[in-house]
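Colleague: My questions concern the predicted model and sequence given below.
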Amino acid sequence: MAAINFKKITNLYFLKVINNMKKLQQAFLVALVSLFFLISCNNNPTTEQSMKKCSQTSWGTADNKPVYLFTLTNSKGDIVKISNYGGTVTSWLTADKNGKIADVVVGFDSLSGYLAKPPYFGSTIGRYGNRIAKGIFSIDTATYHLATNNGANHLHGGNKGFDKVVWDVVPTPDSLASLTLHYLSVDGEEGYPGNLDVTVVFTLSDDNTLSFDYSATTDKTTPVNLTNHSYFNLTGDITQTILNHRLQVHADKFTPVDTGLITTGVLQDVKETPFDFLQPHAIGERIASVPGGYDHNFVLNRTTADNELVATVTDAVSGRVLEVFTTEPGMQFYTGNFLDGTIKTSQGIAIQQHTALCLETQHFPDSPNKLAFPTTLLKPGEKYHTVTAYKVSVASVK
Ligand code: BGC
């Protein structure tokens with residue numbers, strides 16, 4: 001009996017020791033996680049730490065959720081501002097050939113500008129970037145009706161696309177010029193099937209590259225086509241048009257559209273058309289022969305699955321060069337045709353037609369209804385992952 005009791009006591013003693021060790025381990029883990037949160041960009045308001053490459057300020061509220069403006073800074077002194085409202089790039093301050101800093105993207109200084117629903121300035125676009133004809137598509141035997149917010153068609157995710165929601169901020173160490181945003185788009189949102197879990201990582205690297213890493217998963221098959229809708233003007237002066245910017249696009253083909261800007265399904269050769277940018281051309285050179293201006297998807301000449309250089313824009317006056325890299329098969333080239341001066345910058349300058357251009361990397365428009373186009377359907381168990389990067393540099397451009 002005595003021996004059994006001794007064994008019991010010994011066992012109890014060891015159990016207690018193990019329990020205490022477990023508690024210690026748990027306490028250590030909690031301390032570690034708390035430390036991580038403490039140093040994360042989104043939990044540590046702006047201070048003058050030289051190591052800090054991401055800082056955060058409060059920017060108001062939307063949908064009763066806090067909105068922040070994040071500032072990413074690199075070693076070259078480039079500054080990119082991004083809000084978790086719409087995953088929006090609001091500003092990119094970068095030097096010209098004379099070292100003069102200016103903003104090369106269109107954006108506002110305050111949240112109110114975005115709440116007034118501008119045409120997607122700098123926003124993250126989803127669930128489907130570009131148009132879906134009549135907002136209708138079918139998957140197997142089910143037909144889905146999406147919000148129609150562009151005439152009879154669905155554009156850029158509908159009435160309240162990813163550009164108009166408040167994204168969750170995922171903690172990232174503020175020693176990195178990086179911001180991670182997350183959004184759960186629920187089943188049925190804007191008519192789309194399935195809960196879509198989306199994460200976008202924005203990173204400003206020291207070579208002045210702003211990259212967008214998109215990933216998503218779903219619990220029902222759904223179309224997904226995420227992009228960024230930054231409007232660039234490399235002069236840094238919104239009173240200037242982009243018509244003298246020179247553009248090169250590595251695309252032998254483009255997708256022509258009907259009068260409602262819906263792709264016809266044809267992949268047309270750019271040869272002998274104003275869409276031939278295989279060699280650089282001034283954007284204004286042939287724009288008059290494109291009714292309404294450029295608003296077309298280019299079929300990119302891809303050779304690998306990597307993040308490849310697909311387009312280059314140069315501005316001789318500022319010397320700035322914008323290079324676009326992507327893993328996507330297509331890119332919408334839009335010359336700000338619908339900008340008509342009614343929207344004003346935070347400084348009160350009217351934003352006129354053709355004063356900015358967009359290079360929206362993506363899958364082809366209306367893919368859910370154009371079955372010969374590369375599929376945009378994401379199935380449960382699969383992972384959506386695409387990367388796009390914009391790099392700004394300075395060269396003596398002739
Ligand atoms: C579309 C344009 C549209 C613009 C702003 C672009 O991506 O192609 O047709 O007007 O976004 O909504």
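Modeller: Now that the structure is in, tell me what you want to look at.
Colleague: And residue 376, how close does it get to residue 134?
Modeller: 17 Å (CB to CB, to the nearest Å). (Each C-beta comes from the backbone N, C-alpha and C, glycine too.)
Colleague: In terms of packing, which of the two has more residues around it?
Modeller: residue 376 (24 against 17; other CB atoms under 10 Å).
Colleague: now the helices for the chain?
Modeller: 2-39, 111-115 (DSSP state H).
Colleague: ranking these by mean pLDDT, which is last?
Modeller: Per-stretch mean pLDDT for the helices of the chain is lowest at helix 2-39 (a mean of 47).
Colleague: Count the residues that sit near the closest residue to residue 334 other than its chain neighbours.
Modeller: Nearest residue to residue 334, sequence neighbours excluded (CB to CB, 6 or more residues apart in numbering): residue 358, at 4.2 Å. Residue neighbour count, defined by other CB under 10 Å, stands at 24 for residue 358.
Colleague: quick one: residue 358 and residue 233 touch, right?
Modeller: No. The criterion here is CB atoms under 8 Å, and residue 358 misses it with residue 233 at 10.9 Å.
Colleague: Could you pick out the residues of the stretch 1-150 of the chain near the ligand for me?
Modeller: With CB under 6 Å from any ligand atom as the criterion, the stretch 1-150 of the chain comes near the ligand at residues 119, 120.
Colleague: what about the strands in the stretch 1-150 of the chain?
Modeller: 54-62, 65-73, 79-83, 88-95, 101-103, 123-125, 131-132, 136-139, 142-145 (DSSP state E, counting those that start in this stretch).
Colleague: next one: the stretch 151-300 of the chain
Modeller: 154-155, 168-170, 178-185, 196-204, 209-218, 222-223, 227-229, 246-249, 253-255, 268-269, 281-282, 295-299.
Colleague: Just give the number of residues close to the closest residue to residue 178 other than its chain neighbours.
Modeller: Among residues not flanking residue 178 along the chain, residue 203 sits closest, at 4.4 Å (CB to CB, 6+ apart). Residues lying near residue 203 (other CB under 10 Å) number 21.
Colleague: residues in contact with residue 203?
Modeller: 72, 176, 177, 178, 179, 210, 211, 213 (CB atoms under 8 Å, 6 or more residues apart in numbering).
Colleague: so what's it bridging to?
Modeller: Beta bridges link residue 203 to residue 178, residue 211 when assigned by DSSP bridges.
Colleague: Fine by me, we can end here.
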